[in-house]
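**Q** next input, structure requested:
(2 chains)
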Amino acid sequence: MRPSFKTTREGRRSFVAMLLVALAALNTGNNLIYLVLAMMASMVFLSLVLPAVNLRGLSFVLKPNGPVFARTPSKFRIEARNGKRLFPSYSIRFSISGSEARLPFIAAGRKAESGIAVSFPERGPFRAVWAGISSGFPFIFLSVSKKAPLEGEFPVYPEILDMDITALSHSGEERGAPSGRKGEEPDSVREYRPGDDTRRISWKLTARHRALMLKEPSPFDSEEKVIVLDGTGPPDGPAFERAVSIAATLASALIRKGARVGLVTAEGEVPCGAGTLHLYQMLERLAFARECLPWSARPRGGAILVCKGPRSELRGLDFKEVFDAERV
Amino acid sequence: MPKGYKALTGILALTGSLALLTTGQLNPLAWLPLPVLLYGYLRHLRGGRALGQKIIGTLSVLTVGFFFLDAFAMSADVLLAVADLTILFQAIKGFDLKEEWDNLQVFFMCILQMVIASEFTRGIAFGLVFLVFVILLVSAIVLSHFLKEGAWGKLEIKRPVAAVSALAVFFTAVFFISAPRLAGGIWHRKPVDAIKTVGFEGNVDLGSIGRLKLDPTIVMRIETRIKTPLYLRGATLDRFDGTAWTNPEGRGWPISGGGGRFVINPAGGHAVPMKIYLEPLDTNVLFLPEGAVSLQVPAHMLYRNSSGDFFMPERNGHRLVYTVYSIPGAVFYSDVKKSDLQLPGGMDRLEALASGITNGTDDPLVKAHLIERYLKANYAYSLDPPPPPPGVSPIEDFLFHSKKGYCEHYATGMALLLRAAGVPARIVTGFMTTEFNSLGNYIVVRQKDAHTWVEAFIGGRWMRFDPTPAQWADSAQGGSFASLLFDDLKMKWNRYVVSFSLMDQKLLARRLARLPEIITFGALPGFSAGRAAARKALFAIVITALFMGLFFNSLKRKKKARHGVETAYYLKLRSLSEKLGVRQSPSSTPGEFLKAFHGTGFEREAEEFIRIYQEARFGGEEIEVERLPELYAELREKIHVFQPNSPVSGTKTQ
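**A** Modelled structure (predicted):
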């Protein structure tokens, strides 16, 4: 990969100054001005050569610190290796997907680490090939950029949306726009009304609210929920991505609420299960889900359908809940 | 901002200003801002805050006003005024350092100061200051880089700073040598004050050279193989009026030379080159050794007179480097003029004295030797002869009364005695070399080496006689090791930096072109022609192989760049597979190529390789490209250990 050069403000001014000194040297024929010119030329030359040497032989490994979700800043460790036997590398800027990290020093033949927060725009498998690296070392006149080999393979899970899923208990109702309510409290809490079963009063919440608060029985308790991701119908990439994110959000929320959740996509089925590991199994399946595949499985009625829009082929089936990506 | 960086900025501002002030060309008042400058940067170093914009603005306006006053009234020289302005700028900037760009302004101003200083001086002191300046400036800019990157204090930065500074010094030398030179500038100011001399032009009063005899100022250095003392002819004087010598002919007539080469005396024989580095003198006479036959000088035209004196067209106050080719002991026949027998009035006693010394001999050569010997034996050398009594000419006083004097008196006395004896004679002013720098292997000529001697016309040519006793030059030999070393440094500075020219570049290029010959010992004595030829051939093979290697490597890189990594490795695999007997026609597809692997034992690797290749090449997928080199390496390793007699080898495909 050939390096590209970009001059800085200081660099541009230095070049102008060098041109003026060159004119003075030619005009006077004074060897001592040639000496000053030679000094400036040597600095320009080193500005061109040293950054290229500095960036040579570097390779990088991108290691996620945790699960990586699309459109969400995730923390990574960058492991940089300097393949040069003699020369260390200084002031390396590493950039990927618009994020930048700095590696001030990588000793010759050694490794160095740094952290970076990266937000990937799309879900799916991430296999890095190249990363952008740049350096202005040793001066401040030029910045040299090039691509360096990058290793790193991990799934980028779908984006987890900020949406309300409490009304899932209302069976058969099509979901519209999210309520927008947010907070630490579960949505299944409401104020006590005369006639309610007093055994369901939450004393903790009552103490916090200074009013009798009732904990509604979770609609997911002791229930199995199956999320069906429907990619059928006319191709609509953005709507499908939205549907995938809704499915991931639902799976995540339901698992957190303690439900046993299963997932059906065109590629196959993840049987019902609970817990974090199971959640990541479903998220991985969603990360790789593709649109417009013919169905090989027959989704059961009573499951939760997440579809792209009204022209979904599975809309006619008997689903307990329907999440339409166009409306949610 | 770190203290080290602040200190470096201050030192640079001081270095740039001192580079100007130490040239000695600036008004002494220019030293006044120096304490302010020192205080400003020290204050900044101790954490003092920048002064308010109003104060800085007012000071700046006053400085600009002062600049105009300086340029048109005080110095009356724009360049000097700019030099003063830069010192004032550096002093004010010490109180206005707020952000990184302010420090960079100080650095840029230092560069300007160095450029201006280089117009004021050519001395070695500039070279030393410049070396310090390069190291400081490069260090400061590298530090500013680390500062900008936020790495200051987190890294060990001494090593990179030192390495980059050393590289900058090295490449400064490389660029200085290789930057194309014009033969001369279009405009430049007179760089330094010329060294005052007397006795080399026009009207020379008797006794004027005595003033130079105590002055140790170096006037020239000479690189030559000749180690014996040299007489360097300057001006020839043939008319004496009793108190002063003149040459009515003056500078003579102009002569032109092709490419700066001038013929002095057409003669055959082995000429010895002599390179003369003449300091800026207030005379434009060229000093030439005896036996000079030709001259290479940076001028298109010279002046010469019938006495064989050469003059530059103008005094330009610059150092002059020229090469003279001479044949030691060469004899050049010439003519004599009437004036060479001229005697001033009132010298009646001369003839009697001359007759007494020559004792009736008719041989002019014998006469000359007798007079020379008489003067050496009967007169005392003194740089402080008593002044002649009123009404008595200095030469009469020297010859008949005081009998004390120095080279001018001796030479004048002999010339007049020769003339009185009927032998045409004249005096020559110039230098006699007495000092040799054994460290630098060159001759040093000082003002005190100025000398006068006699030329007598005998046998159709001018012969040199020196009646001055030899003791005058005895004290002039050598010097301390330190002084020799310092002078050698100055010589090298002048030779290789100040006077570095297009001619030197051509010479260097010619030497570089001969490098292969030197490397193969072809140019060294003791190597037979056969051995030298063999070594040359070997050298040619090595160089050709090296260039071919570089050429093919570059082709390979271009191929990779053109087709991509995947195609390059696919083609490599195709050639590698031939070791397995997997032969393919150039038109076979990757699928066919893969099929040909059946039965080789490497099907799995080949399949993966071809799959990735096809995805990358035709599917636009780059995600697994880096796996290709790994797979290729695996396959190559396995194929290398592959035994041709193993069962697999029998299943070669078509």
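**Q** for the closest residue in space to B:Val625 that isn't next to it in sequence, give its distance to B:Phe609.
**A** Distances taken as C-beta to C-beta, 6 or more residues apart in numbering or on different chains put B:Ala616 closest to B:Val625, at 5.0 Å, once the chain neighbours are dropped. For the C-beta atoms, the positions are set from N, CA and C on the backbone; glycine is no exception. The spacing between B:Ala616 and B:Phe609, counted by C-beta to C-beta, to the nearest Å, is 11 Å.
**Q** looking at those two, which one has more neighbours?
**A** Using other C-beta atoms under 10 Å in any protein chain shown, the more surrounded residue of B:Ala616 and B:Phe609 is B:Phe609, with 26 against 22.
**Q** now the helix or strand hosting B:Ala377: average pLDDT?
**A** For B:Ala377, the host element (DSSP states H and E) is helix B:364-378. Mean per-residue pLDDT for helix B:364-378: 92.
**Q** and it, what other elements does it pack with?
**A** Packing partners of helix B:364-378 (3 or more C-beta pairs under 8 Å, 6 or more residues apart in numbering or on different chains; DSSP states H and E): helix B:348-358, helix B:407-420, strand B:450-458, strand B:461-465.
**Q** chain A - how does it break down into domains?
**A** Domains of chain A are assigned by automatic domain parsing as A:1-157, A:166-183+A:220-324, A:188-217.
**Q** does A:Arg56 touch A:Lys84 like I think?
**A** Yes. Proximity of A:Arg56 to A:Lys84 meets the contact threshold set by C-beta atoms under 8 Å, at 6.4 Å.
**Q** quick one: low-confidence parts of chain A?
**A** A:1, A:165-188, A:216-223, A:292-302, A:328 (pLDDT under 70).
**Q** how about the helices in it?
**A** A:9-28, A:31-55, A:203-209, A:237-256, A:276-287 (DSSP state H).
**Q** check contacts around A:Phe105.
**A** A:Phe105 makes contact with A:88-90, A:112, B:151, B:155, according to C-beta atoms under 8 Å, 6 or more residues apart in numbering or on different chains.
**Q** ok, now which ones touch B:Val336?
**A** B:424, B:457.
**Q** B:Leu485 is nearest to which of the domains of chain A?
**A** With C-beta to C-beta as the measure, domain A:1-157 is the member of the domains of chain A nearest B:Leu485 (22.2 Å).
**Q** and the next helix or strand past the worst-scoring helix or strand of chain B on mean pLDDT?
**A** The weakest-scoring helix or strand in chain B, judged by mean pLDDT, DSSP states H and E, is helix B:515-519 (a mean of 69). Scanning forward in sequence from helix B:515-519 by DSSP H and E, the next helix or strand is helix B:529-563.
**Q** give me the mean pLDDT for the very next helix or strand once past that following helix.
**A** Proceeding N to C from helix B:529-563, the next assigned helix or strand is helix B:565-577, under DSSP H and E. Helix B:565-577 carries an average pLDDT of 78.
**Q** is any residue of helix B:565-577 near chain A?
**A** No. For a cut-off given as C-beta under 8 Å from any C-beta of the partner chain, helix B:565-577 has no contacts with chain A; the smallest distance is 10.2 Å.
**Q** find the nearest non-adjacent residue to A:Ala243, please.
**A** A:Ala325 (4.1 Å).
**Q** my error: substitute A:Asn65 in the last question.
**A** Nearest non-adjacent residue to A:Asn65 (C-beta to C-beta, 6+ apart): A:Lys75, at 4.3 Å.
**Q** dump the residue contacts of the one you found.
**A** With C-beta under 8 Å, 6+ apart, A:Lys75 has these contacts: A:64-66, A:115-117.
**Q** how about the residues of the stretch 101-250 of chain A by chain B?
**A** Going by C-beta under 8 Å from any C-beta, the residues of the stretch 101-250 of chain A near chain B are A:102, A:104-105, A:127, A:129, A:136-140, A:149, A:151.
**Q** about what we covered before: name the nearest of the contacts of A:Phe105 relative to B:Met312.
**A** So of the contacts of A:Phe105, ranked by how close each gets to B:Met312 (C-beta to C-beta), first place is A:Tyr90, at 54.0 Å.
**Q** pLDDT (mean, whole number) over stretch B:2-21?
**A** pLDDT averaged over stretch B:2-21 gives 92.
**Q** buried sites along it?
**A** For stretch B:2-21, a neighbour-count test (16 or more other C-beta atoms under 10 Å in any protein chain shown) marks B:4-6, B:8-21 as buried.
**Q** likewise stretch B:143-152?
**A** Neighbour count says stretch B:143-152 has B:143-149, B:151-152 buried, by 16+ other C-beta under 10 Å.
**Q** now the stretch 1-150 of chain B against chain A: closest residue?
**A** B:Ser118 (3.3 Å; C-beta to the nearest C-beta).
**Q** so what's that residue up against?
**A** Counted by C-beta under 8 Å, 6+ apart, B:Ser118 has contacts A:30, A:32-33, A:35-36, B:126.
**Q** tell me the contacts of the closest residue to chain B within the stretch 151-300 of chain A?
**A** Residue of the stretch 151-300 of chain A nearest chain B, by C-beta to the nearest C-beta: A:Glu151 (7.6 Å). By C-beta under 8 Å, 6+ apart, the contact list for A:Glu151 reads A:59-62, A:128, B:626.
**Q** pipe these into TSV and attach neighbour count and distance to B:Asn378 per row.
**A** Below are the contacts of A:Glu151 laid out as TSV (neighbours: other C-beta atoms under 10 Å in any protein chain shown; distance: C-beta to C-beta, whole Å):
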residue	neighbour count	distance to B:Asn378
A:Ser59	17	93
A:Phe60	23	95
A:Val61	19	99
A:Leu62	20	102
A:Ala128	17	102
B:Glu626	18	100
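**Q** which neighbouring elements make contact with the one helix or strand B:Met274 maps to?
**A** Applying DSSP H and E as the criterion places B:Met274 in strand B:272-278. For strand B:272-278, the elements it packs on are strand B:218-224, strand B:320-326, judged by 3+ C-beta pairs under 8 Å, 6+ apart.
**Q** and with 10 Å instead?
**A** Contacts defined by 3 or more C-beta pairs under 10 Å, 6 or more residues apart in numbering or on different chains; DSSP states H and E place strand B:272-278 against strand B:218-224, strand B:285-286, strand B:288-289, strand B:292-296, strand B:320-326, strand B:442-446.
**Q** wait, which of the contacts of A:Lys75 is closest to A:Thr249?
**A** For the contacts of A:Lys75, the nearest to A:Thr249 is A:Gly66 (17.8 Å; C-beta to C-beta).
**Q** and the closest one, how many neighbours?
**A** 8.
**Q** surely it is in contact with A:Phe76?
**A** Yes. A:Gly66 is within contact range of A:Phe76, at 9.5 Å (criterion: C-beta atoms under 10 Å).
**Q** what does the host helix or strand of B:Leu512 contact?
**A** Element membership of B:Leu512 [criterion: DSSP H and E] is helix B:502-513. Identification of contacts with helix B:502-513 by C-beta atoms under 10 Å, 6 or more residues apart in numbering or on different chains yields A:29, B:177-184, B:259-260, B:296, B:298, B:321, B:323, B:495-496, B:500-501, B:518.
**Q** having no further points to raise, I will conclude here.
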